[in-house]
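> Provided below for reference: sequence and predicted model.
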Amino acid sequence: MSTFYRRLPKFEYLQPRSLARALSLLAEYGGSARVMAGGTDLIPQLKKREIRAPGYVIDLKRIKGLDNLTCTAEEGLEIGALTTIAAIENSSRVRADFYPLYQAAASMASPQVRNRGTFAGNICSAVPSADTAPALLALDGWVRLASTRGERRVALDLFFEGPRKTVVAEDELLVGIVVPEMARGSRGTYLKLSPRHSMDLATVGVAAAATCENGVCRDIRIALGAVAPTPVRAPIAEAMLRGRKVTPELIDEAANNAVSQCDPIDDHRASREYRCDMVYAMTRRALRQILLQEGTE
């Protein structure tokens, strides 16, 4: 199927060189402006007329300091608004201590897109199939939102409101994503089902992170992508595992329950029934990897 791209619509292009200036522009034009970080989502949407043409596009690329990727004992890993997907993929610290984020980054798009697109932009696009969202949810991430009114923190659990809808206000800018350090002995994984490893959107995405001691699951978070209007947690499945001795039978029961937490659609990529089957299979595989420390099945 061919895709027809039109020319970009007319808009005023703004390129602030400081965060304060960017926030003042959002305060003035927020209702008729779109923010651009990498542009890998926004530009195709504008060319295909999938979204209404904005009066202003505010490009953040000239703002220094927003491409940070730092880790501290107090906060954990902070990912700046301009940190590219490739920077996450290529970070030895991320791969060692925040493995699901590395897996999510490595599974996304093409090398060209990963070198341009940003982690923050991927969650701000709020598509149900976003690879970053399940991994961030499983790792208990939260975001920093800034405006001329100040700054606020929002947990990723509360960030998504619907397809392409988030809690970010018209005059706000997501300036950072924060992921707490994983507890000692914790394990995590992100599994993606797609026709091709990294060139396609996720048909189903499953992320999980857990702490296990002496065969007992002390804490666990399970997140699902591409199977509901927003990325979702599986809290009942988590509760079934938390505080209990882990067995293959218990994992099967929890994976079955995770299916009840999703509400997938039928589309050209997969049927509802197939997605539900894959939620069970992939949740089971993820839980076996992190709770029973099995490599692959």
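Perfect, thanks for sending it.

> Where does A22 sit, in terms of helix or strand?
Per DSSP states H and E: A22 is located in helix 19-29.

> partners of S186 in the sheet?
Beta-bridge pairing of S186 under DSSP bridges involves T211.

> Need the pLDDT of it.
pLDDT recorded at S186 is 95.

> ok so, going back, packing partners of the helix holding A22?
strand 33-36, strand 56-59, strand 142-147, strand 173-179 (3 or more Cβ pairs under 8 Å, 6 or more residues apart in numbering; DSSP states H and E). C-beta here means a position set from N, CA and C on the backbone, and glycine is covered the same way.

> H268 is nearest to which of those?
Closest approach to H268 among the helices and strands packed on helix 19-29 (Cβ to Cβ): strand 33-36, 27.6 Å.

> Can you list the neighbours in contact with the closest one?
When contacts are defined by Cβ atoms under 8 Å, 6 or more residues apart in numbering, strand 33-36 is touched by residues 14, 22, 25-26, 42-43, 51, 54-61, 124, 173.

> Would you mind extracting the C-alpha trace of the helix holding A22 into CSV?
Output of helix 19-29 as CSV, limited to C-alpha atoms (Å, rounded to 0.1, in the frame of the first residue of the first chain):
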residue,chain,number,x,y,z
LEU,A,19,13.7,26.5,28.3
ALA,A,20,12.3,29.7,29.8
ARG,A,21,11.7,31.1,26.3
ALA,A,22,10.1,27.8,25.2
LEU,A,23,7.7,27.9,28.2
SER,A,24,6.8,31.6,27.5
LEU,A,25,6.0,30.7,23.9
LEU,A,26,3.7,27.8,25.1
ALA,A,27,2.0,30.2,27.5
GLU,A,28,1.3,32.6,24.7
TYR,A,29,0.5,30.2,21.8
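
> returning to that earlier point: how about the helices and strands packed on helix 19-29 in JSON lines, adding mean pLDDT?
Below are the helices and strands packed on helix 19-29 laid out as JSON lines (pLDDT from 0 to 100):
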{"stretch": "strand 33-36", "mean pLDDT": "97"}
{"stretch": "strand 56-59", "mean pLDDT": "98"}
{"stretch": "strand 142-147", "mean pLDDT": "98"}
{"stretch": "strand 173-179", "mean pLDDT": "98"}
